[in-house]
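Colleague: Here is the input, now give the coordinates:
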Amino acid sequence: MRISMEGGNEGVRIRMRFDQYRRRLLATRVILLLLALQGAFTGLWAVCAPHSWYTSFPGFAMRWVSVDGPYNHHLAADVGAFFLALTAVTVAALVVDTTTVARIAGLGWAVFSVPHVIYHVSHHPHDIGAVSFTLSLVAVLLLLAGGIAALVLPPRGDIPMSDPAPLRLRFPRRPRRGGTR
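Modeller: Numbering: from 1, shown residues only. Reported below is the predicted structural model:
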């Protein structure tokens, strides 16, 4: 931990920084943010427009869901709800800002991603091209990697993931005696 102090007319400002795990904690926050953004994107799309999600996910002229069976509104909306639930836990981990909650969010993504990866690796729809299939595998593997990274990257113990706010010590002003300066 690095401690710095600055003095001025208003008092003393003390700032503490966690140098030991700084990169690991920053990487954990970035991974959680990326997982939350991806989960919110997929989840909101599938919940708000399930048929559009079914026919066009992930976009860019690729169709990863519609090549895999008939449309089911309930299933599509539920998939969106699962992604939104994981997003909520991930955002909570970013707000609570401790390594324990970050690991819990990572565990959720990893548990979700393992059967997702197994399914995609073992099932190759006939109507999907090689590039699109490869990109779908990369996408699900990245979700798994992000979940595992958020699970194992934070240091042991329950420590804050960001530096604490600076501490400000204010000293009362003494009245001046006899004259001005």
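Colleague: what stretches of this protein score poorly on pLDDT?
Modeller: Residue ranges of the chain with pLDDT under 70: 1-3, 15-19, 61, 163-167, 171, 173-175, 178-181.
Colleague: Name the residue closest to the centre of it, please.
Modeller: residue 32 (1.8 Å; CA atoms, centre = their mean).
Colleague: which SS state does residue 6 fall under?
Modeller: Counting by DSSP: H, G, I helix; E, B strand; the rest coil, the backbone at residue 6 sits in strand.
Colleague: got the buried residues for the longest helix seen in the chain?
Modeller: In the chain, with assignment by DSSP state H, the single longest helix is helix 22-48. Across helix 22-48, burial judged by 16 or more other CB atoms under 10 Å covers 24-25, 28-29, 31-32, 35-36, 38-40, 42-43, 45-47. C-beta coordinates here come from the backbone N, C-alpha and C atoms, glycine included.
Colleague: can you check stretch 87-100 too?
Modeller: 87-91, 93-94, 98-99.
Colleague: Can I get these in CSV including secondary structure and distance to residue 158?
Modeller: Below are the buried residues of stretch 87-100 laid out as CSV (DSSP: H, G, I helix; E, B strand; the rest coil; distance: CB to CB, whole Å):
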residue, secondary structure, distance to residue 158
87, helix, 23
88, helix, 21
89, helix, 17
90, helix, 18
91, helix, 19
93, helix, 12
94, helix, 15
98, strand, 5
99, helix, 6
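Colleague: mind checking how far the helix or strand that contains residue 138 is from the chain centre?
Modeller: According to DSSP states H and E, residue 138 maps onto helix 130-152. Centre-to-centre, helix 130-152 and its host chain are 14 Å apart (CA atoms, centre = their mean, to the nearest Å).
Colleague: Check stretch 47-55 too.
Modeller: 23 Å.
Colleague: now stretch 137-155
Modeller: 10 Å.
Colleague: Next, the buried residues of it.
Modeller: Quick answer for stretch 137-155 (16+ other CB under 10 Å): 140, 143-151, 153-154.
Colleague: Taking these together, which two end up most distant?
Modeller: Taking CB to CB as the measure, the buried residues of stretch 137-155 reach their widest spread between 140 and 154, a distance of 23.1 Å.
Colleague: ok, back up a step: helices or strands up against the longest helix of the chain?
Modeller: helix 50-56, helix 73-96, helix 99-122, helix 130-152 (3 or more CB pairs under 8 Å, 6 or more residues apart in numbering; DSSP states H and E).
Colleague: re the thing from before, tilt between the helix holding residue 138 and helix 99-122?
Modeller: If you take axes from the mean of the first three to the mean of the last three CA atoms, to 10 degrees, helix 130-152 sits at 150 degrees to helix 99-122.
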